[in-house]
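Engineer: from the sequence below, what's the structure:
(one chain, ligands or ions: 2)
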Amino acid sequence: MKKILIVGSGGQIGTELVKKLRGIYGNENVVASDLRQLTGEIVENGPFERIDSTNMMQIIEVVKKYNIDTIYNLAAILSATAELNPMLGWNVGIGSLVNCLEIARVFGCAVFTPSSIGAFGPNTPKDMTPQDTIQRPNTIYGVTKVTGELLSDYYFTRFGVDTRSVRFPGLISNLTLPGGGTTDYAVEIYYAAVKGEKFICPLEKGTFMDMMYMPDALDAMVNIMEADPSKLIHRNSFNVTAMSFDPEILYNTIKKYIPTFEMEYKPEPIKQAIANSWPNSLDDSCARNEWGWNPKYDLDKMSVDMIETLRAKLGK
Ligand code: NAD
Ligand code: SER
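Structural biologist: Ligands and ions are numbered 1, 2, ... in the order given. Down below sits the predicted model:
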């Protein structure tokens, strides 16, 4: 049985990934950790350790204590927040990654570190962006993601560390709110709609980006780490997507289920500039061919589930 450490467990992905992996591998085999002291299920149902992942010794102690063989490295500062504090974005994203890779080399662990659509930039082909293409991002977030992809591939080819990754698009979920990304609007819009509030959209009509519902993202993280390594031509990192839309398409989809919903555009310059530099849609055929990537949720199916779940959660 795998012995897994999740670094940065308290965020949008981590809170759900801990549950998912504990369901598969057993509560006691999945150690959650975060810079912050977390509370609730994540701490009560299985091991939790407080770790600042930029501190190598703190990770080493936990890897030794639990005989960890797989690390999911989720600690990072997301795109819009990182643009306000670039050094913090670099120090957390790269500090955490380098520590995880070095520890993996010494202790023989596999490492999953998510990359992002942010690893692409304004010179990248925008539509059906290929797996292997120009990666010259103009955000600090993107710079950390390209560096992460290169370093992770380097640790695989140079030291044989089993590194694997996907380039996530914007993730939409209903358990934990996203933390400072450019794609956050696609989550916040559902909360506004279900609460009966008007939504102020921070991006212009016509701003297309790839998106994915969290259940598919969780499957991606499990399946890539379980994939037969002999089938992997790529490693760091695979394009994956489930849908591509702009704010207007999303608004009109939600309006089918909540006809009174209203939205107004008030673009935020930093988020708009970041979104403009990212692809409209990804070609994820390599992930499909090499390890069977196959998302289950499209925009309509996701919207029905988001609205139902948020209505129950918010008592609306
Ligand atoms: P998040 O901001 O919601 O959560 C990050 C977590 O890391 C937080 O709980 C935070 O407390 C923790 N953290 C920050 N600094 C830390 C440190 N020094 N040590 C330990 N923990 C620390 O982020 P997320 O959305 O869950 O994203 C996780 C990963 O997935 C990131 O690498 C992100 O770039 C990537 N990703 C996310 C999305 C998305 O839409 N959510 C899309 C593409 C890629
Ligand atoms: N959701 C992330 C962000 O917007 C994409 O990597 O930063």
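Engineer: okay, CA-based contacts and neighbour counts for the rest of this
Structural biologist: Will do.
Engineer: what about the helices in the stretch 51-200 of the chain?
Structural biologist: For the stretch 51-200 of the chain, the helices defined by DSSP state H, counting those that start in this stretch occupy 56-66, 79-84, 86-107, 140-159, 185-195.
Engineer: mind exporting the shortest one as PDB, just the C-alpha atoms?
Structural biologist: Taking Å, rounded to 0.1, in the frame of the first residue of the first chain, the C-alpha atoms of helix 79-84 are listed here in PDB:
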ATOM      1  CA  SER A  79      -1.500  33.400 -10.400                       C
ATOM      2  CA  ALA A  80      -3.300  36.600  -9.400                       C
ATOM      3  CA  THR A  81      -1.900  36.700  -5.900                       C
ATOM      4  CA  ALA A  82       1.600  35.800  -7.100                       C
ATOM      5  CA  GLU A  83       1.500  38.800  -9.500                       C
ATOM      6  CA  LEU A  84       1.000  41.100  -6.500                       C
END
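Engineer: contacts only, for L177.
Structural biologist: Contact analysis of L177 by Cα atoms under 8 Å, 6 or more residues apart in numbering lists 11-12, 187-188.
Engineer: distance of it from ligand 2?
Structural biologist: As judged by Cα to the nearest ligand atom, to the nearest Å, L177 and ligand 2 stand 11 Å apart.
Engineer: for that residue, phi and psi?
Structural biologist: phi -70, psi 150 (degrees, to the nearest 10).
Engineer: if we can go back for a sec, which one, of the helices of the stretch 51-200 of the chain, ends up nearest to ligand 1?
Structural biologist: Closest of the helices of the stretch 51-200 of the chain to ligand 1 is helix 86-107, at 5.4 Å (criterion: Cα to the nearest ligand atom).
Engineer: summarise which helices and strands the closest one is packed against.
Structural biologist: helix 56-66, strand 70-73, helix 79-84, strand 110-112, helix 140-159 (3 or more Cα pairs under 8 Å, 6 or more residues apart in numbering; DSSP states H and E).
Engineer: buried stuff in stretch 77-84?
Structural biologist: By 16 or more other Cα atoms under 10 Å, the buried positions in stretch 77-84 come out as 77-83.
Engineer: and what of stretch 294-313?
Structural biologist: Neighbour-count burial for stretch 294-313 flags 294-295, 297, 299, 302-303, 306-307, 309-311 (criterion: 16+ other Cα under 10 Å).
Engineer: show me those residues that map onto helices.
Structural biologist: With helices defined by DSSP state H, the entries of the buried residues of stretch 294-313 inside them are 299, 302-303, 306-307, 309-311.
Engineer: closest to P259 out of these?
Structural biologist: I307 (12.8 Å; Cα to Cα).
Engineer: pretty sure the closest one sits against A192.
Structural biologist: No - I307 sits out of contact with A192 when judged by Cα atoms under 8 Å, with a separation of 10.5 Å.
Engineer: could I get the buried residues of stretch 77-84 as a markdown table with distance to ligand 2 and pLDDT?
Structural biologist: As requested, these are exported to a markdown table (distance: Cα to the nearest ligand atom, whole Å; pLDDT from 0 to 100):
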| residue | distance to ligand 2 | pLDDT |
| --- | --- | --- |
| I77 | 8 | 98 |
| L78 | 4 | 98 |
| S79 | 4 | 98 |
| A80 | 6 | 97 |
| T81 | 8 | 98 |
| A82 | 9 | 98 |
| E83 | 10 | 97 |
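Engineer: out of those residues, who's nearest G46?
Structural biologist: Nearest to G46, judged by Cα to Cα, of the buried residues of stretch 77-84 is I77 at 25.7 Å.
Engineer: so who does that closest one touch?
Structural biologist: I77 neighbours (Cα under 8 Å, 6+ apart): 88-89, 92-93, 141, 180.
Engineer: that one and P137: what is the separation?
Structural biologist: Distance of I77 to P137, given as Cα to Cα, to the nearest Å: 16 Å.
Engineer: again with E61
Structural biologist: In terms of Cα to Cα, E61 sits 35 Å off from P137.
Engineer: out of the two, which sits in the busier spot?
Structural biologist: Comparing E61 with P137 by other Cα atoms under 10 Å, the one with more neighbours is P137, at 23 against 12.
Engineer: give the residue farthest from the middle of the protein.
Structural biologist: Going by Cα atoms, centre = their mean, the residue of the chain most distant from its centre is T260, 31.6 Å out.
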